[in-house]
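J.: Structure of the sequence below:
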Amino acid sequence: MEYQDHAVREKAGVQLKAFFGKIPHEIVFYLFTSPGENEPFNQAARQVIRAFHKMTAKIVLRERNLDHADAKKWNVGFSPTLLLDPGQYNVRWLGAPVGEETRTLVEAIGMMGYRRYDLSDQSLKILKRIDSPRHIRLFVSPTCPYCPQQAVNALKAAFARPELVSLEIIDVQANPELARKYSAQSVPRTYANEKFVAEGAQPEELFMLSLEKLKQQNVFIPESDAAEVETDLVIIGGGPAGLTAGIYATRSGMRTAVIERGILGGQVATTPVVENYPGLTQIGGKTLVDIMVSHALEYTRIFPGEEVIDIKPGDPSIVLTSRRRFKTRMVLLATGASHRRLDVPGEARFFGRGVSYCSTCDGPLFSGKKVIMVGGGDSAVTEALNLRNIGVDVTIVHRNESLKAQKYLLLSLEANRIPVLFHTEVRQIRGKDQVEAVELFDRQTGESSIMEVEGVFVAIGYDPNTELARKIGVEITPQGYIKHDERHRTNIPGIYSAGDVEGGYKQIVIAAAKGSEAALAIFEDFISPYWKKEADLRPRSS
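T.: Presented below is the predicted three-dimensional model:
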C-alpha cells in the first residue's frame, strides 16, 4: 500500500509542477492564524500553501495574526482562515485544505492563475440570471471524496460572479461548533443566504440552479443547444466496470467516452481499505480509484459531473446529458448500485444530521461519540473497523444470527472488541434536531429497547441503478437487475450492461472483469452487429 501511494503521489507531483509552472497570473493568499488556537490546523494550512508556493513564484503567501489590521478589514475571526485573492474575490477557507480538500485547492489555484473557470454553457446561463447577492456556506471534510466536486462548483460560481457570489468553505473537523450549529453531520452540505440548498455533491448545472432558486433542485433539464460528440461507444458509469470497459474498448479500436454523474470510482472511492484486489495487499479505496482513473485516461475520454438525462436507442443512438449530446453506435450501462435504505421512521429526516451511509466521509465527525453500524456483510464490518480506528464508539446491529463478512474481517472485528447485537432491527431513529437515540427490536424475544446514540451508519447492501434502463425499455429481472445474456446484451440492440447493475457478487475485481468482458463482446458486435445478422436470417414474405 505504501509503495502504491508513493507512486501515485510522485506522479501527481510531477503533473502539478508542470501545471503550476505555466500559470500566467499572480495569486495572493492571506493566511490568518492565532498561536495556540487550532494549532494543528494552522500548521497544516501553512505547510500546504508553502509547498505550493515552492512550485511557482506566482503564488504569494501573506501570513497574519488575528490581531492584525487586515483581520479587522476583512472581518476574519477564526484561526486558521485562508483568503483567496481577496482583492478580486470574496472566498475564504475556514480550516486547512488537506486530505481530499487539497484537490479543491489545486482546482482553485488553477482557476485563479489561469483566469479560466471552465463553466458549461448551461451553468453560465443560470449564473447570468442571478441578480442579487448569494453567500454560500459549504461544509466539507478532508476525508470526504464527494466534497471536492461540490466545492469546485461553489468556487466556479464565486470566481465567475465575484460581484454577487461570496463563499465560505468550512472544514467541519476544524470547526465542530459551527458544524453543530448548522447540523452538518454529513458532508458536503451547502447553504446559500442561510438557506439549506444541497445535501451531497451535485452536477455543476444542478448546483447553479439550486443557487439561483435558493432551494435544493433535483432535476435539471438542459436546453437543446448542447454540443454534440460523435463516438462509437458511450459508457454510462465511471466505476470499476465502466473504467475497465473504457480501457478495453479503446484498445480494441473503438472511440469511447465514459460519463459519470457522481464521483469516479463509485463505491470504491468511499471504501476505507481494500485488501482483496489482486496484486495489492492493502490499498485505500480512493488511491485504487486514482490509479484506475489515471490508467483509463491514457485511453478514453471521461466526462465527470454529467448526468445522463435520456437515451434514444437507434442507429446511431443519441445520449443526452446535462451538458451535451452524444451520437454513438453502442451504449454500455455500467450504472452500478446505490446504498440501500432502512426505510424506518427518522431515517430520511436525520440524513445528514446523524444518519450516514459513508464512514469515510462522515466518520471523523463522530470521534469520541457513540454510534451504531447497521449491517452484517463485508461493507458493514469494514466500515465499523474504520470507525473504531478513528476513535468512534461503534456497535454493530444485525438482524440475523451471524455476520456474513469474510473470516479475515471477523477476526479483526473480534480483535478490536467491537460489540455486535444479533437478531436486532432498527425500528425508529429518534431525536430533536439530530440523532439522539434508536429504537431497537429483538427478533428473538419480541422486546423493544431504546439505545442512546449520536450517529447511525447504514451498510445493508445496494439497490441497482436501473432508472435509465427502465426508461428506455430494457428488461429487468424480478430481483431488479438488468436482464442480459452471456455477452452482456440487453433486449435492445446496441444496448449492453456490466457491473453491479447486473447483479451477482459485489466485488471490485468482478465488476472490472465484467467491464472488460462486455467491452470485448461489444467490439465483436461493433465489427459484425448480431441484430443485422438476425434480420438477414428472417424469412422474407413473398
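J.: R62 and I49: what is the separation?
T.: Counting by C-beta to C-beta, to the nearest Å, the gap from R62 to I49 is 10 Å. For every residue, glycine as well, the C-beta is placed using N, CA and C.
J.: Mind listing the shared neighbours of those two?
T.: Between them, R62 and I49 have 29, 31 as joint contacts when contacts are counted by C-beta atoms under 8 Å, 6 or more residues apart in numbering.
J.: confidence score at Q185?
T.: With respect to pLDDT, Q185 scores 85.
J.: again with the one 3 residues further on
T.: The model reports P188 with a pLDDT of 95.
J.: Neighbours of it, how many?
T.: When neighbours are defined as other C-beta atoms under 10 Å, P188 has 27 of them.
J.: ok, it - contacts?
T.: Residues near P188 by C-beta under 8 Å, 6+ apart: 138-140, 144, 146-147, 149-151, 198, 200-201.
J.: got any ranges where this structure has weak pLDDT?
T.: By pLDDT under 70, the low-scoring segments of the chain are 1-14, 223-226, 534-542.
J.: Domain-wise, how is it divided?
T.: 2-213, 227-338+464-536, 355-460 (automatic domain parsing).
J.: out of those domains, nearest to E347?
T.: domain 355-460 (5.7 Å; C-beta to C-beta).
J.: Double-check that E425 belongs to a helix.
T.: No: using DSSP: H, G, I helix; E, B strand; the rest coil, the secondary structure at E425 is strand, not a helix.
J.: W93 bridge partners, please.
T.: Beta bridges link W93 to L82, I169, judged by DSSP bridges.
J.: For the stretch 51-200 of the chain, just list every one of the strands.
T.: 59-65, 81-84, 91-94, 134-140, 165-171, 189-192, 195-199 (DSSP state E, counting those that start in this stretch).
J.: and of those, who's closest to S367?
T.: Among these, the nearest to S367 by C-beta to C-beta is strand 165-171 (14.3 Å).
J.: so that closest one versus strand 134-140, what angle?
T.: 20 degrees (axes from the mean of the first three to the mean of the last three C-alpha atoms, to 10 degrees).
J.: about what we covered before: want to try JSON lines for the domains of the chain, with distance to G346 as columns?
T.: Converted to JSON lines, the domains of the chain look like this (distance: least, C-beta to C-beta, whole Å):
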{"stretch": "domain 2-213", "distance to G346": "14"}
{"stretch": "domain 227-338+464-536", "distance to G346": "20"}
{"stretch": "domain 355-460", "distance to G346": "3"}
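J.: Please identify which of those domains is closest to P345.
T.: Here domain 355-460 is closest among those (C-beta to C-beta), at 4.7 Å.
J.: Give me the distance between the two termini of that closest one.
T.: Start-to-end span of domain 355-460 (C-alpha to C-alpha, to the nearest Å) is 14 Å.
J.: hang on, the earlier thing: E275: which of the strands of the stretch 51-200 of the chain is closest?
T.: So among the strands of the stretch 51-200 of the chain, strand 134-140 is nearest, using C-beta to C-beta, at 27.8 Å.
J.: chain center to the closest one, what's the gap?
T.: Here strand 134-140 is found 18 Å from its chain centre; the criterion is C-alpha atoms, centre = their mean, to the nearest Å.
J.: Given it, what are its sheet partners and their directions?
T.: strand 165-171 (parallel), strand 189-192 (antiparallel).
J.: Distance to I450 added to those, as JSON lines?
T.: Output for those, formatted as JSON lines (distance: least, C-beta to C-beta, whole Å):
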{"stretch": "strand 165-171", "distance to I450": "33"}
{"stretch": "strand 189-192", "distance to I450": "28"}
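J.: With respect to V453, which of the ones you listed lies nearest?
T.: Per C-beta to C-beta, nearest to V453 of these: strand 189-192, 20.4 Å.
J.: hang on, the earlier thing: in TSV: the strands paired with strand 134-140, plus mean neighbour count and distance to P35.
T.: Output for the strands paired with strand 134-140, formatted as TSV (neighbours: other C-beta atoms under 10 Å; distance: least, C-beta to C-beta, whole Å):
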stretch	mean neighbour count	distance to P35
strand 165-171	24	19
strand 189-192	24	30
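J.: State the distance from V319 to K369.
T.: For V319 relative to K369 (C-beta to C-beta), the value is 45 Å.
J.: now M208
T.: Taking C-beta to C-beta as the measure, M208 falls 35 Å from K369.
J.: Among the two, which residue is more densely surrounded?
T.: Between M208 and K369, counted using other C-beta under 10 Å, the more crowded position is M208 (28 against 17).
J.: Tell me who's in contact with that one.
T.: 122-123, 126-127, 153, 157.
J.: Specify which member of those residues is nearest to V474.
T.: Nearest to V474 out of the contacts of M208 is Q122 (C-beta to C-beta; 27.4 Å).
J.: burial measure for that closest one, as a count.
T.: Q122 - counted by other C-beta under 10 Å - has 22 other residues nearby.
J.: between R62 and I49, who's got more neighbours?
T.: The residue with more neighbours, out of R62 and I49, is I49; 21 against 12, by other C-beta under 10 Å.
J.: For that one, which non-adjacent residue is spatially closest?
T.: For I49, ignoring the flanking residues on the chain, the nearest one in space by C-beta to C-beta, 6 or more residues apart in numbering is L61 at 5.0 Å.
J.: likewise I495?
T.: Per C-beta to C-beta, 6+ apart, closest to I495 is V331, 5.2 Å.
J.: now do H295
T.: I247 (6.4 Å).
J.: Assign a three-state SS to that neighbour, would you?
T.: Three-state assignment for I247 (three-state DSSP): helix.
J.: Make sure it is actually in contact with L297.
T.: No: the criterion here is C-beta atoms under 8 Å, and I247 misses it with L297 at 9.7 Å.
J.: ok, which stretches of the stretch 201-350 of the chain are helices?
T.: With DSSP state H, counting those that start in this stretch applied, the stretch 201-350 of the chain shows helices at 204-213, 240-252, 285-297, listed in chain order.
J.: my read: E199 touches Y191, true?
T.: No: using C-beta under 8 Å, E199 makes no contact with Y191, being 10.8 Å away.
J.: can you count the residues close to A519?
T.: Residues near A519, counting by other C-beta under 10 Å: 30.
J.: That one belongs to a helix?
T.: Yes: according to three-state DSSP, A519 belongs to a helix.
J.: excluding its backbone neighbours, what's nearest it?
T.: Closest residue to A519 apart from its sequence neighbours, by C-beta to C-beta, 6+ apart: Y248 at 3.7 Å.
J.: do you know how far that neighbour is from R62?
T.: Counting by C-beta to C-beta, the gap from Y248 to R62 is 50 Å.
J.: How many residues are close by K532?
T.: 12.
J.: Surely it forms part of a helix?
T.: Yes: per three-state DSSP, K532 lies within a helix segment.
J.: That one and G494: what is the separation?
T.: 11 Å.
J.: repeat for Q47
T.: 52 Å.
J.: higher neighbour count, those two?
T.: Each of Q47 and G494 has its neighbours counted (other C-beta under 10 Å); G494 has more, 23 against 12.
J.: ok, now which ones touch the more buried one?
T.: G494 neighbours (C-beta under 8 Å, 6+ apart): 313-315, 317, 329-331, 529, 531.
J.: To Q444, which of the strands paired with strand 134-140 lies closest?
T.: strand 189-192 (38.7 Å).
J.: got the contact list for that closest one?
T.: 134-139, 150, 154, 182, 196-199, 207, 210-211, 214, 352.
J.: one more time with 6 Å
T.: Residues outside strand 189-192 that contact it (C-beta atoms under 6 Å, 6 or more residues apart in numbering) are 134, 136-139, 197-198, 211, 214, 352.
J.: can you give me phi and psi for K370?
T.: phi -100, psi 130 (degrees, to the nearest 10).
J.: Could you measure from it over to P203?
T.: For K370 relative to P203 (C-beta to C-beta), the value is 36 Å.
J.: now D310
T.: To P203, D310 is 15 Å away according to C-beta to C-beta.
J.: between these two, who's got more neighbours?
T.: Between D310 and P203, P203 has the larger neighbour count (other C-beta under 10 Å), namely 23 against 13.
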